[in-house]
Structures are given as C-alpha cells and as structure tokens.
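1. Show me the folded form of this:
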Amino acid sequence: MFKKNKLLKKAEKAGKSFFGDFKSFISRGNVLDLAVAVVISTAFGKITTALVNNIIMPLVSLLTGGVNVTDWKWVITPAKEAVVGADGTILIPAKAEAAVGYGLFIQAIINFLIIALSIFIFLRILRRMEARLHAKETALAEAKAAEEKEKAEQAAAEAKAAAEAAARRAAELAALDESYKRAVLRLCEQIKTGGETEK
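-> Predicted structure coming up:
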C-alpha cells in the first residue's frame, strides 16, 4: 500500500513537472514569435503564389505567344499511341512521352525571385521605419541631454555666483572686522592718552 502511494506521488510529480516544462516552453517568447512567423509566412506564400500564377505568368504567356511557362518542355522521346490490330488486339503498346519539364523549374525560380524581392522590400521598409523611429528617439535623447547639460551649467553658474558672493561678503566682513579692530585700538589709545594727560 505504501509502495503504491509512493509510486502515485512520483507519477503525479513527473506529470506536474512535464506539464510545467511544457507550459514554460509554450509561453516562451521565441516559440510564440516562431508560430506567428510561420502563420504569416504561410499567408505570404499564398499571396505571392497568387501574384505569380494569376498576374505575372499570364503576362509572360502573352509575350511568349499564349504558351504557359509551365508547359515549356524539351521532349526527348515523343509519346506514341498504341497500335491496335483489326481484331482489337494491341500490337504495339502505347509509349508515354519522356520530356524535361524546364518550364516548371523556371516558374519555381520566378516564384522564388518574387518572394525574395517582396521580403527584401518589406524588410527595407521596416528598417527605414526603425531608423526613423531610432532617429526620433536619438533626437529626443539628445535634446533631453542638452537640456540637462544646460540645467547643470546653470546650476554650476548659480553655485559659482553664490560662492563668489559669499567670498565677497566674507571679505567685506573681514575688512569691517579689521576696521572695527582699528577703531577700538584708536579708542583705546585715545582713552589711554586722555587718562595720562588728566594725571
């Protein structure tokens, strides 16, 4: 009984850790970004395929005299029909055509080039938008830094002016103190000399 409970607890713990790991794996940013990218790329592939098949290839077939590019091929051995005798027996069996279908290959290359061009244009627009956004952010940051520098310089100038004013006040007080000392000494001298004359 105790062994069964222990095994059950172990299984529950393993299940919790499995689902916990799965939950953390699913909720990761990279997995979600990848899922979004897969969905968007699938939709984008359908759009480009429709663009190639329904717009570009018909225009190309106009230039080639109405022949579809996918029908372009190099026939190695032409197809042969079966030769049937008078009694309905097949004398020579039918032979399938052996051909190199380079038209399909060309269409695949055109599809790839259009998809690559579309992605290139999209990324270029995205990078320019990011550059403009970063330029605005950089300009705002530079303006803020300039404003902070101006404030710091203003504060430094105010502090310097206050220090100079304090130094002037201290010098004035020192000069006043010195003049008071001289005045007191003079007064003392006068009192001293006045007392001597009285005697």
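2. So which elements touch the one helix or strand residue 138 maps to?
-> Assigned by DSSP states H and E, residue 138 belongs to helix 102-198. When contacts are defined as 3 or more Cβ pairs under 8 Å, 6 or more residues apart in numbering; DSSP states H and E, helix 102-198 sits against helix 29-51. Quick note: C-beta positions are derived from backbone N, CA and C, even for glycine.
3. Show me what the helix it packs on is packed up against.
-> Helix 29-51 packs on helix 102-198, going by 3+ Cβ pairs under 8 Å, 6+ apart.
4. could you give the mean pLDDT of the helix it packs on?
-> For helix 102-198, the mean pLDDT works out to 84.
5. quick one, it and helix 29-51 angle?
-> In terms of direction (axes from the mean of the first three to the mean of the last three Cα atoms, to 10 degrees), helix 102-198 departs from helix 29-51 by 140 degrees.
6. Now do helix 102-198: distance to the chain's middle.
-> 32 Å (Cα atoms, centre = their mean, to the nearest Å).
7. Show me the residue at the heart of the chain, geometrically.
-> residue 130 (7.5 Å; Cα atoms, centre = their mean).
8. How much space separates it from residue 136?
-> 11 Å (Cβ to Cβ, to the nearest Å).
9. Could you do residue 79 as well?
-> 66 Å.
10. Dump stretch 42-61 to CSV, restricted to CA.
-> Only the C-alpha atoms of stretch 42-61 are listed here, as CSV (Å, rounded to 0.1, in the frame of the first residue of the first chain):
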residue,chain,number,x,y,z
THR,A,42,2.1,30.7,-45.0
ALA,A,43,-0.3,33.6,-45.8
PHE,A,44,2.5,35.5,-47.5
GLY,A,45,3.4,32.4,-49.6
LYS,A,46,-0.2,32.1,-50.7
ILE,A,47,-0.3,35.8,-51.7
THR,A,48,2.9,35.5,-53.7
THR,A,49,1.8,32.3,-55.4
ALA,A,50,-1.5,34.0,-56.4
LEU,A,51,0.5,37.0,-57.7
VAL,A,52,2.8,34.8,-59.8
ASN,A,53,0.1,32.4,-61.1
ASN,A,54,-2.7,34.9,-61.7
ILE,A,55,-1.0,38.2,-62.7
ILE,A,56,2.7,37.7,-63.7
MET,A,57,2.5,34.4,-65.6
PRO,A,58,-0.4,35.4,-67.8
LEU,A,59,1.5,38.5,-68.8
VAL,A,60,4.6,36.3,-69.6
SER,A,61,2.4,33.9,-71.6
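11. Tell me how far that stretch lies from the chain's centre.
-> 29 Å.
12. which parts of it are buried?
-> Buried residues in stretch 42-61, counted by 16 or more other Cβ atoms under 10 Å: 48, 52, 56-57.
13. I would like the residues contacting that stretch, please.
-> 67-70, 107, 110-111, 114-115, 118 (Cβ atoms under 8 Å, 6 or more residues apart in numbering).
14. Swap in 7 Å and give it another go.
-> Stretch 42-61 is touched from outside by 67-69, 107, 110-111, 114-115, 118, with contacts defined as Cβ atoms under 7 Å, 6 or more residues apart in numbering.
15. what about that stretch, average pLDDT?
-> 80.
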